[in-house]
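Asks: Sequence and predicted model, in that order:
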Amino acid sequence: MAAAVQPVSDRGLLLGGDVVDGTDLRPVLNPADGTLVARYAAATSADVDRAVADAHERGRAWTLLHPDERARILRRGAEAIREHVDEIARVLTLEQGKPLPDSVKEILFGASVFEYYAEEGRRVHGSLRPTASAGTMSMVSYHPVGVVAGIVPWNYPVDLYAWKVAPALAAGCPVVVKPPEEAPLAIGMVSRLLVDAGLPPGALADLPGGADVGRRLAAHPDIALVTATCSTATGKAIMRAAAEHLTRVSLELGGHCPLVVLPDADLELAARAAARRSFSNMGQICIAVNRVIVLDGVADAFVDALRSEVAAYVLGDPSVPGVGYGPCTTAQVVEKARSHVADAVARGAQLVIGGSEPDGEQFAAGHYFLPTVLDHVPSDALVMTEETFGPVLAVHRVSTIGEAIAVANATDYGLAAYVYGEDLGQALAVAEQIEAGGVGVNVNDVSELQAPFGGWKQSGLGRELGPEGLHAYLETRHTKVRRPAIAVDR
Ligand code: NAD
């Protein structure tokens, strides 16, 4: 007999170190079939004000704690996340729609982010600088920026929560987080584990809700820094709201990432890498490949390889073993994918594979869309100019490498880019010409725990991960001191 599956608990607000029942309970629906996963309590503006005040009052205990003790608590939190990975992954898959192994991978990466920053936070070193006038010394030191607001999207909720909360706490900053309303449940479990690991009251609040809660946080006079992962339009709105009090911002925004296939690329490898980076999490990744830019001479062979790769994908219920690709998280993603496909085809693009919702009763109630490849996509198609944030990949053919670079850079975004070619010198030379915060050369991922992640141009401001991810939460102080002369005769 199969073991009974535990129902997922409703979640409240995490406020003042306790879970508080809210009055406004809202449903979280499973994107695979539309059923209720659980409900979450939506935060109000008054909850935001209470959490920010508490972060200033009781959260100060966290700021004053020795960095070694903060590190111990964060490491305990990371261990607890690892111990509970299967429970959290099940909930993440139910609310967000990614296949179970991808949820496990996301949560384990989140745990390693807490471990990394636990250590990094112990090594915030100041320095002595040379001075122009004799008898003076200049000391440079770093200090927690203050109470941080973290705004998290639904595509990688646990990871992107960890990218913000771990370095902010490690730097000594109390944090008020707003998880996304589409996927607030797994984050709620992680927040509880961190509090149980020993965070003092006021160090971490977790207030799920919609854009209104985010707006309240971004405009709050007592927030020192807003860190948000969101669309570029939302990032601009946050920046405008934050400007009122000159609140610091760190923004990870949209992308529209090119993958350039050079004439000497290993086409099988490049096709597999492009497909995975385009359709993993159903394309709902800021660093997803949106546009493949391929040289004419190898384009036919590359597109054939891409077709074969995608044809082998198994789409289905993401909780079922063996399924590699699940539903999109929201109906809006499906709608945008459909409209980008229709627009490209109307402008002369050829449909290679996919292009619609899948057939079959099992898909009828979910937000499914087939992984879709379009070839001969003209530069003015929406899919070439706007982030789809869904399972659609455009192939654009060019006749020179110079043209490939120009097309890759013909966008306001500059988050990530990928270059495939066997002559590494040539591939690196192309990579150097691309305007992006992260470039993968013969590799389809630019997120790396110890390296900075972030965008050029309208893809963001600031960096997460690596030492830069911690420094985002620190203010710099220069203290200049006049020393008394040494009393040599005394
Ligand atoms: P979104 O901008 O609609 O929402 C993101 C978060 O911001 C949500 O929690 C939402 O409630 C909140 N929000 C919305 N309006 C707000 C406002 N005016 N003030 C404050 N908060 C507000 O984005 P989404 O659809 O949830 O996420 C997808 C977007 O995020 C894509 O554009 C994607 O590229 C981007 N993203 C970027 C990165 C990165 O690291 N650069 C990573 C993942 C996702």
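Replies: Perfect, thanks for sending it. Numbers count the residues shown, from 1 in each chain.

Asks: Domains in the chain, by residue range?
Replies: Domain segmentation of the chain under automatic domain parsing yields 2-253+459-477, 257-441.

Asks: Quick one: closest of those to the ligand.
Replies: Closest of the domains of the chain to the ligand is domain 2-253+459-477, at 2.2 Å (criterion: C-beta to the nearest ligand atom). Placement of C-beta: from N, CA and C, glycine included.

Asks: helices and strands around the helix or strand harbouring Thr476, which ones?
Replies: Applying DSSP states H and E as the criterion places Thr476 in strand 474-482. Packing partners of strand 474-482 (3 or more C-beta pairs under 8 Å, 6 or more residues apart in numbering; DSSP states H and E): strand 136-144.

Asks: Partner strands of the strand it packs on, with direction?
Replies: Sheet pairing of strand 136-144 (DSSP bridges) gives strand 127-129 (antiparallel), strand 474-482 (antiparallel).

Asks: who are the neighbours in contact with the residue nearest to Leu370 when sequence neighbours are not counted?
Replies: Nearest residue to Leu370 in three dimensions, chain neighbours excluded: Gly354, at 3.6 Å (C-beta to C-beta, 6 or more residues apart in numbering). Gly354 sits next to Val310, Phe369, Leu370, Pro371, Thr372, Val373, Pro391, Val392 when contact means C-beta atoms under 8 Å, 6 or more residues apart in numbering.

Asks: where's Val213 relative to Tyr161, distance?
Replies: Noted for Val213: a distance of 15 Å to Tyr161, by C-beta to C-beta, to the nearest Å.

Asks: Surely Trp163 forms part of a strand?
Replies: No - per DSSP: H, G, I helix; E, B strand; the rest coil, Trp163 lies outside any strand segment and is helix.

Asks: Mind pulling the model confidence for it?
Replies: Note on Trp163: pLDDT of 98.

Asks: Touching, it and Gly469? I think so.
Replies: Yes - using C-beta atoms under 8 Å, Trp163 makes contact with Gly469 at a distance of 6.8 Å.

Asks: Common neighbours of these two, please.
Replies: Phe453.

Asks: The two: who's more crowded?
Replies: Gly469 (30 against 26; other C-beta atoms under 10 Å).

Asks: Touching, that one and Tyr117? I think so.
Replies: Yes - contact criterion C-beta under 8 Å: Gly469 and Tyr117 qualify, at 7.5 Å.

Asks: which neighbours do the two share?
Replies: By C-beta under 8 Å, 6+ apart, Gly469 and Tyr117 have these common neighbours: Pro167.

Asks: how many neighbours does Ile238 have?
Replies: That count, for Ile238 with other C-beta under 10 Å as the rule, works out to 25.

Asks: quick one: pLDDT of it?
Replies: pLDDT at Ile238 comes out at 98.

Asks: Does the host helix or strand of it reach the ligand?
Replies: For Ile238, the host element (DSSP H and E) is helix 232-243. Yes - under the criterion of C-beta under 6 Å from any ligand atom, helix 232-243 makes contact with the ligand via Thr234, Ala237, Ile238.

Asks: Give the next helix or strand downstream of that helix.
Replies: For helix 232-243, the following helix or strand on the C-terminal side (DSSP H and E) is strand 248-252.

Asks: ok, residues contacting that following strand?
Replies: With C-beta under 8 Å, 6+ apart, strand 248-252 has contacts from 145, 160, 224-230, 235, 238-239, 242, 286, 453-455, 459-464, 472.

Asks: Could you do stretch 229-238 as well?
Replies: With contacts defined as C-beta under 8 Å, 6+ apart, stretch 229-238 is touched by 151-153, 160, 163-164, 211, 214-215, 218, 226, 228, 249, 251-254, 286, 387, 412-413, 458-461.

Asks: From these, keep the buried residues only.
Replies: 151-153, 160, 163-164, 214-215, 218, 226, 228, 249, 251-254, 286, 387, 413, 458-461 (16 or more other C-beta atoms under 10 Å).

Asks: How about Ala485, nearest residue that isn't a chain neighbour?
Replies: Ala485 sits nearest to Gly135 (C-beta to C-beta, 6+ apart), 6.8 Å away.

Asks: neighbours around that neighbour, how many?
Replies: Neighbours of Gly135 (other C-beta under 10 Å): 10.

Asks: what are the phi and psi angles of it?
Replies: Dihedral pair for Gly135: phi 80, psi 0, per degrees, to the nearest 10.

Asks: Hmm, Ile486 and it touching each other?
Replies: No - contact status for Gly135 versus Ile486: not in contact, 10.1 Å apart, counting by C-beta under 8 Å.

Asks: doesn't Val226 fall inside a strand?
Replies: Yes - counting by three-state DSSP, Val226 is part of a strand.

Asks: Let me see the confidence value for the closest residue to it other than its chain neighbours.
Replies: Spatial nearest neighbour of Val226, chain neighbours left out: Ala149 (4.7 Å); criterion: C-beta to C-beta, 6+ apart. With respect to pLDDT, Ala149 scores 99.

Asks: again, but for Leu306
Replies: 98.

Asks: Name the SS class of it, please.
Replies: Looking at Leu306 with three-state DSSP, the answer is helix.

Asks: residues touching the nearest residue to it once chain neighbours are set aside, list them.
Replies: Sequence neighbours aside, Ala271 is the residue nearest to Leu306 in space, at 4.5 Å (criterion: C-beta to C-beta, 6+ apart). Residues near Ala271 by C-beta under 8 Å, 6+ apart: Phe302, Ala305, Leu306, Ser308, Glu309.

Asks: now the helix or strand hosting Ala271, how far from the centre of its chain.
Replies: Counting by DSSP H and E, the element that carries Ala271 is helix 267-279. Remark: helix 267-279 is offset 21 Å from the chain centroid, using C-alpha atoms, centre = their mean, to the nearest Å.

Asks: And for stretch 312-326?
Replies: 23 Å.

Asks: Could you pull out the buried residues of it?
Replies: Tyr313, Leu315, Gly316, Asp317, Pro318, Ser319, Val323, Gly324, Tyr325, Gly326.

Asks: what does stretch 71-90 give?
Replies: Within stretch 71-90, judged by 16+ other C-beta under 10 Å, the buried ones are 71, 73-78, 80-82, 84-85, 88-90.

Asks: what's next to that stretch, contact-wise?
Replies: So stretch 71-90 is in contact with 8, 100, 103-104, 106-108, 110-112, 114-115, 117-119, 121-122, 158, 166, 169-170, 186, 189-190, 193-194, 196-199, 319, going by C-beta under 8 Å, 6+ apart.

Asks: Just the buried ones out of those, please.
Replies: Using 16+ other C-beta under 10 Å, the buried members of the contacts of stretch 71-90 are 8, 100, 103-104, 106-108, 110-112, 114-115, 117-118, 121, 158, 166, 169-170, 186, 189-190, 193-194, 197, 199, 319.

Asks: Among those residues, which ones are in strands?
Replies: If you go by DSSP state E, the buried ones among the contacts of stretch 71-90 have nothing in strands.
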